[in-house]
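Undergrad: need the 3D shape of this:
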Amino acid sequence: HRITRLASRMDDRDLDRLAPGEEWTVTEIIGFLRDSEREDLEALEAMLRVDGSAIEERRAIQHVDDGEYRHADPAELLWDFATLRDETTWLLEGAGTGWNHVGMHPFRGEVTVMQWVQEINERDLDAMWRIQRIHDALRSPGREQVTGLAEP
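TA: Next up, the predicted model:
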């Protein structure tokens, strides 16, 4: 929810601007998060359904590199990401003993549900900091500062 709040408080024009020193725009970050969440949901569903299921390599970063989000609607990307995140949250809340399940990754071998979720958390934290940095870099004097990172 913090990512959604941070991005939704930014001006529409700033969502597509590249801040000095940054690689991606906020729209690209949100697109990456949406596609990552879709991949993660599929992997988690497979792991929880059958312990030891084959899971695929994460490929969402390729969409950013290919420029697929340059003309995307950030509000739509944000909505899709939030909807997928809700599905992931519900899935994990009902996981029970499935938290001990593993998936078989093509390069990493066994990956536990817990490890996968920790990686999601790390990605989210990185995205929040990136969005905050972009907001701060593009903020005009006198504009209200986004404080979503300090919220509980």
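Undergrad: show me what contacts residue 25?
TA: Counting by CB atoms under 8 Å, 6 or more residues apart in numbering, residue 25 touches 15, 16, 17, 18, 69, 134. C-beta coordinates here come from the backbone N, C-alpha and C atoms, glycine included.
Undergrad: quick one, longest helix in the chain?
TA: helix 113-138 (DSSP state H).
Undergrad: quick check: buried residues in that one?
TA: Across helix 113-138, burial judged by 16 or more other CB atoms under 10 Å covers 113, 116-117, 120, 123-124, 127-128, 130-132, 134-135, 138.
Undergrad: isn't residue 45 right next to residue 91, touching?
TA: Yes. Using CB atoms under 8 Å, residue 45 is in contact with residue 91, at 6.5 Å.
Undergrad: quick one: pLDDT of the residue sitting nearest the centre point of the chain?
TA: Geometric centre of the chain, nearest residue: residue 33, 2.8 Å, by CA atoms, centre = their mean. Predicted confidence (pLDDT) for residue 33: 96.
Undergrad: wouldn't it be in contact with residue 2 here?
TA: No. Between residue 33 and residue 2 there is no contact under CB under 8 Å: 11.9 Å.
Undergrad: any stretches of the chain with poor pLDDT?
TA: 140-152 (pLDDT under 70).
Undergrad: ranges for the helices of it?
TA: Secondary structure of the chain, counting by DSSP H: helices at 2-8, 12-15, 26-49, 61-65, 74-93, 113-138.
Undergrad: tabulate those helices (TSV), appending distance to residue 99.
TA: Below are these laid out as TSV (distance: least, CB to CB, whole Å):
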stretch	distance to residue 99
helix 2-8	23
helix 12-15	35
helix 26-49	9
helix 61-65	26
helix 74-93	8
helix 113-138	5
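Undergrad: residue 106 is nearest to which of the ones you listed?
TA: Ranking these by proximity to residue 106 (CB to CB) places helix 26-49 first, at 11.7 Å.
Undergrad: now the closest one, how far from the chain's geometric center?
TA: 7 Å (CA atoms, centre = their mean, to the nearest Å).
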